[in-house]
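Peer 1: starting from these lines, generate the structure:
(chains A and B)
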Amino acid sequence: MTDDVVATDPRRWVGTYADYLYAFARKRIDDDELVRDLVQETFLAALQRAHTFEGKSSERTWLTAILKNKIIDVYRKKSSVVVSSDVVNAEREQSDFFGEDGHWNKEHRPVAFGIEGHQALENKELNHILKQCMEKLPALWLAVFTMKHIDDESSETICTQLKVSASNFWVIIHRTKLNLRACLQKNWL
Amino acid sequence: MNTLKKIVYNCRQATLLMEKREFVKLSFREVIELRIHLYRCNVCKLYGQQTRIINSMVQHIFKNQQYRLDDSFKRELQNRIDEELNKK
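Peer 2: Okay, here's the model as predicted:
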């Protein structure tokens, strides 16, 4: 045995990483069938490339990176339609949040949820509603939102990978939150 | 003065700035304008609190959501990999 033999043992991948990779993708893509395919594709792609694994990162990080690229491909495909109808609908929903002068329109003004910080986190009902609101977001918005808020990617990376312009990026971040907040208010109060 | 007025009185702009400041440093001017806006606008102040709660809730949901593959699918995956390895 020489030093450059890196300990990667594909026969143990499924037992060690399948659940982790599945959960990672499943939280980002709301399509179980598709996610299972992605996990399988990830392992197969990794097998092809096993000889390139250098042990610089952990096996898990390496496999996750392969999976991440596949997830971004899905995001990109979903959002590549020039103007997708889900975005149009979501934009229409919030078209009257503000008046022409930029003030909140009365019926869309934020109203207190009556539940604060820590309590909100622990409240099952509120979390459940938020989850449903997230599922209703346009695919592109959810992709941008998740990459920014959860994966902590740089704005530049997100713009390049999802083919979004820099100015549109902030518009999407803003609109996503306006939409989520309004959805939460509507269904909680 | 015109742009100052715009943000000072503009809730759409103010809420956009509040989203932005979670990730980037606002310019000095933006900070001041936003502060003046929030000083007068309780609705946007509430928005600011709520948007932070939503951020934490989203993190919480992602962290605590549990997903597991069923054993039969894992067995299939394992077979698939073994097959590939045996080809070599």
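
Peer 1: how about the contacts made by B:L16?
Peer 2: Going by C-beta atoms under 8 Å, 6 or more residues apart in numbering or on different chains, B:L16 touches A:170, A:174. C-beta: built from backbone N, CA, C; applies to glycine.

Peer 1: actually A:E59, sorry about that
Peer 2: A:8, A:13, A:16-17, A:53.

Peer 1: repeat for A:Y75
Peer 2: Listed by C-beta under 8 Å, 6+ apart, the contact partners of A:Y75 are A:139-140, A:143, A:161-162.

Peer 1: ok, and the closest non-adjacent residue to A:E41?
Peer 2: The shortest distance from A:E41 to any non-neighbouring residue, by C-beta to C-beta, 6 or more residues apart in numbering or on different chains, is to A:K70 (6.1 Å).

Peer 1: ok so, going back, in the contacts of A:Y75, find the pair that's most separated.
Peer 2: For the contacts of A:Y75, the maximum inter-member distance is 14.0 Å, found between A:A139 and A:Q161 (C-beta to C-beta).

Peer 1: now whichever residue of chain A sits closest to chain B. Its backbone dihedrals?
Peer 2: Nearest residue of chain A to chain B: A:G102, at 3.4 Å (C-beta to the nearest C-beta). Phi and psi for A:G102, reported as degrees, to the nearest 10, are phi 90, psi 0.

Peer 1: give me the neighbour count for it.
Peer 2: 15 (other C-beta atoms under 10 Å in any protein chain shown).

Peer 1: wait, what's in contact with the residue nearest to it when sequence neighbours are not counted?
Peer 2: Nearest in space to A:G102, with sequence neighbours left out and distances taken as C-beta to C-beta, 6+ apart, is B:N10 at 3.4 Å. By C-beta under 8 Å, 6+ apart, the contact set of B:N10 is A:101-103, B:37.

Peer 1: now list the buried members of the residues you listed.
Peer 2: Buried positions within those, assessed by neighbour count (16 or more other C-beta atoms under 10 Å in any protein chain shown), are A:103, B:37.

Peer 1: what lies in contact with the longest helix seen in chain A?
Peer 2: Longest helix of chain A, by residue count under DSSP state H: helix A:166-188. Contact with helix A:166-188 is made by A:90-91, A:93-94, A:97, A:108, A:110-111, A:113, A:125-126, A:129-130, A:132-134, A:136-137, A:140-142, A:144-145, A:148, A:155-156, A:158-159, A:164, B:15-16, B:19-20, B:23, B:47, B:50-51, B:54, as judged by C-beta under 8 Å, 6+ apart.

Peer 1: appreciated, that's everything.
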